[in-house]
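Participant: quick one, what's the 3D model for this:
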Amino acid sequence: MVIEQYVRATAGLLILLSLLLGNFHSAQWYWLTTFVGVNLLQSAFTRWCLLEQILEMLQIPRQCDLLINRLKNNTTSPT
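Facilitator: Modelled structure (predicted):
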């Protein structure tokens, strides 16, 4: 998996988990849903996401890095 997939999967998991906990435990868990939504919205404009930075430190590749490496490996030398 790549960073972009981890970010989406984590956001989706946190939203579903907070909705379940909010429904069955306490309505205060809906604040987690709000936090995740606000974080996704601000990252769309600022292009900054803490989870992305953490995943980069763990050396998880980005989608564009994989594509660039694939293109470099498929190039043929001119004859």
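Participant: can you list the low-confidence ranges for this protein?
Facilitator: 75-79 (pLDDT under 70).
Participant: count the neighbours of L14 for me.
Facilitator: 16 (other CB atoms under 10 Å). For every residue, glycine as well, the C-beta is placed using N, CA and C.
Participant: look at P61 and tell me its secondary structure.
Facilitator: For P61, the assignment made with DSSP: H, G, I helix; E, B strand; the rest coil gives coil.
Participant: who are the contact partners of it?
Facilitator: Shown in contact with P61 (CB atoms under 8 Å, 6 or more residues apart in numbering): V2, I3.
Participant: likewise for R62?
Facilitator: The contact partners of R62, by CB under 8 Å, 6+ apart, come to V2, I3, E4.
Participant: can you pull the phi and psi angles for it?
Facilitator: R62 adopts backbone torsions of phi -90, psi 160, taken as degrees, to the nearest 10.
Participant: out of the contacts of R62, which end up buried?
Facilitator: Neighbour-count burial (16 or more other CB atoms under 10 Å) is assigned, among the contacts of R62, to I3.
Participant: turn the contacts of R62 into a markdown table, columns for distance to L19 and secondary structure.
Facilitator: Shown next, in a markdown table, are those (distance: CB to CB, whole Å; DSSP: H, G, I helix; E, B strand; the rest coil):
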| residue | distance to L19 | secondary structure |
| --- | --- | --- |
| V2 | 26 | coil |
| I3 | 25 | helix |
| E4 | 23 | helix |
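Participant: I'd like the contacts of R62 as TSV, with distance to N23 appended.
Facilitator: Output for the contacts of R62, formatted as TSV (distance: CB to CB, whole Å):
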residue	distance to N23
V2	32
I3	31
E4	29
